[in-house]
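J.: Give me coordinates for this.
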Amino acid sequence: MRSEASATMRNPNLVLFFLLLAYIFNFLDRQILGILAQPIKADLNLSDTEFGAIGGLAFALLYSILGVPLSYLADRTSRSWVVTGSLTVWSGFTALCGLATSYSQMFFFRLGVGVGEAGGVAPSYALIADYFPPEKRGRALGIYSLGVPLGLGGGTLIGAYIATWIDWRAAFLIMGIAGILLAPLLKWVVRDLPRSAADTANPIAFGAVFKVISRKPSFWLLAFAASSSSLTGYGLALWAPSIMMRSYGLDLIQTGQFLGSLGLIGGTAGVLAGGFLADRLGHLDRRWYAWIPAIAWLISAPLFLLGFSTPSLALAWVLLLIPNALNILWLGPIITAVQHLVERPMRAT
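T.: Numbers count the residues shown, from 1 in each chain. The predicted structure is shown next:
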């Protein structure tokens, strides 16, 4: 047991790589629905309202509620097992989405995706914080957060091509099965670091974690800011493909190329910049963990408005590239700041 743990401890970058792979699948499965909106709505005879419920409410309902207890379970037991089990569950339900024949079935399967993904991210944050020291943590969490733009951009491109070449059902089936195959390899590579005897003998109670963060206004402000960004980000990811098709007359592959390139280029640059700036400026003054995303959001909002309003497709791409980077620049700074607010046994919760 000790030799296995020691071997993994020498390879934090390998652990980070596999957690990143899982996070890419997390967002591939989470947001592939957006690019497939038109064929799904036509096949299942869905209204915009029904599709919005599948893409938003069905996923968020249990994802939000179960995130805390699953993260608490990870702190009390094994973070790597919770991440692996979550990957298996959300991938299985993603595959089932490809078999849905009605609105109710698709709604239920998307609930399942939310249940699985609820346990994937926070324990991964905690594992990365365990493996990397504070001065390298911003960049490590920034690299992990590349899963967002890579998953969003990759899901948009892959979903568009598979749906065009085969059909929308194949896109869900292929992505879901690929995630299930990744799960055992993830567990083999990613292991929890040994915990101290004190942590094992006296596990942290949930009430104790809440007591610590309840006294820290910074936590609640950071959480509110991140929630607001996620609210707009998920809305854009779900509806931007439909907007592009309706406003500019693009087909499925053209839309996938347009939005996929924005996510892959702009999103990747933004996430890496956020992690770098967090490490560079955060150790000088920890307020930079909040100032960096605040400045980025102030610039993003008007550029999104201009980008979706211009009649020129080429100009829209240029205008949207910048806010696609700045809108998720917050991931490295805010996640790093939150990990600094509590002791190691509390990090996932």
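J.: Check which residues of the longest helix seen in the chain are buried.
T.: For the chain, the helix with the greatest residue count under DSSP state H is helix 217-248. Going by neighbour count (16 or more other Cβ atoms under 10 Å), the buried part of helix 217-248 is 218-219, 222, 225-226, 229, 233-234, 236-242, 244-245. All C-beta atoms are positioned from the backbone trio N, CA, C, and that covers glycine.
J.: Repeat that for stretch 162-173.
T.: Ile162, Ala163, Trp168, Arg169, Ala171, Phe172, Leu173.
J.: Kindly indicate which of those residues lies nearest Arg79.
T.: Each of the buried residues of stretch 162-173 was checked against Arg79 using Cβ to Cβ; the closest is Phe172, at 27.9 Å.
J.: For that closest one, which non-adjacent residue is closest in space?
T.: Gly98 (3.4 Å; Cβ to Cβ, 6 or more residues apart in numbering).
J.: picking up where we left off before, restricted to strands, list the buried residues of stretch 162-173.
T.: Among those, no member falls in strands (DSSP state E).
J.: need the residues you listed in JSON lines with distance to Ala296 and pLDDT, can you?
T.: JSON lines is the format used below for the buried residues of stretch 162-173 (distance: Cβ to Cβ, whole Å; pLDDT from 0 to 100):
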{"residue": "Ile162", "distance to Ala296": "33", "pLDDT": "89"}
{"residue": "Ala163", "distance to Ala296": "33", "pLDDT": "86"}
{"residue": "Trp168", "distance to Ala296": "34", "pLDDT": "90"}
{"residue": "Arg169", "distance to Ala296": "38", "pLDDT": "93"}
{"residue": "Ala171", "distance to Ala296": "32", "pLDDT": "92"}
{"residue": "Phe172", "distance to Ala296": "33", "pLDDT": "93"}
{"residue": "Leu173", "distance to Ala296": "37", "pLDDT": "94"}
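J.: Take those and lay them out in CSV including distance to His340.
T.: Output for these, formatted as CSV (distance: Cβ to Cβ, whole Å):
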residue, distance to His340
Ile162, 41
Ala163, 43
Trp168, 43
Arg169, 44
Ala171, 39
Phe172, 38
Leu173, 41
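J.: rewinding a little: is there a neighbour count for the residue nearest to Phe172? I'd like the number.
T.: Close neighbours of Gly98, defined as other Cβ atoms under 10 Å, add up to 18.
J.: Kindly report the same for the one 5 residues further on.
T.: Burial of Tyr103, expressed as a neighbour count using other Cβ under 10 Å, amounts to 16.
J.: Quick check: it vs Ala225, distance?
T.: 34 Å (Cβ to Cβ, to the nearest Å).
J.: Give me the spatial nearest neighbour of Ser124, chain neighbours excluded.
T.: Leu19 (4.8 Å).
J.: can you pull the buried residues of the helix or strand containing Leu96?
T.: Secondary structure from DSSP states H and E places Leu96 in helix 79-97. By neighbour count with 16+ other Cβ under 10 Å, helix 79-97 contains the buried residues 79-97.
J.: One more: stretch 39-57?
T.: In stretch 39-57, counting by 16+ other Cβ under 10 Å, buried: Pro39, Ile40, Lys41, Leu44, Leu46, Glu50, Phe51, Gly52, Ala53, Ile54, Gly55, Gly56.
J.: can you check stretch 113-121 too?
T.: Of the residues in stretch 113-121, those buried under the neighbour-count criterion (16+ other Cβ under 10 Å) are Val113, Gly114, Val115, Gly116, Glu117, Ala118, Gly119, Gly120, Val121.
J.: I'd like the residues you listed laid out as TSV, including pLDDT, secondary structure and distance to Leu315.
T.: What follows is those, written out as TSV (pLDDT from 0 to 100; DSSP: H, G, I helix; E, B strand; the rest coil; distance: Cβ to Cβ, whole Å):
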residue	pLDDT	secondary structure	distance to Leu315
Val113	89	helix	35
Gly114	87	helix	36
Val115	85	helix	41
Gly116	85	helix	40
Glu117	84	helix	35
Ala118	84	coil	39
Gly119	86	coil	42
Gly120	85	coil	37
Val121	87	helix	35
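J.: Tell me the first helix or strand C-terminal of the helix or strand of the chain with the lowest mean pLDDT.
T.: Here the helix or strand of the chain ranked lowest by mean pLDDT, DSSP states H and E is helix 2-9, holding a mean of 45. The helix or strand immediately downstream of helix 2-9 is helix 12-35, counting by DSSP H and E.
J.: So for that next one, mean pLDDT?
T.: The average pLDDT for helix 12-35 rounds to 89.
J.: which strands and helices sit next to the helix or strand following that helix?
T.: Scanning forward in sequence from helix 12-35 by DSSP H and E, the next helix or strand is helix 37-44. Other helices and strands packing on helix 37-44, by 3 or more Cβ pairs under 8 Å, 6 or more residues apart in numbering; DSSP states H and E, are helix 48-52, helix 103-117, helix 168-189, helix 217-248.
J.: rerun that using 10 Å as the cut-off
T.: helix 48-52, helix 103-117, helix 147-165, helix 168-189, helix 217-248, helix 252-261 (3 or more Cβ pairs under 10 Å, 6 or more residues apart in numbering; DSSP states H and E).
J.: Out of those, flag the one nearest Val271.
T.: Between Val271 and those, the tightest spacing by Cβ to Cβ is seen for helix 147-165, at 6.0 Å.
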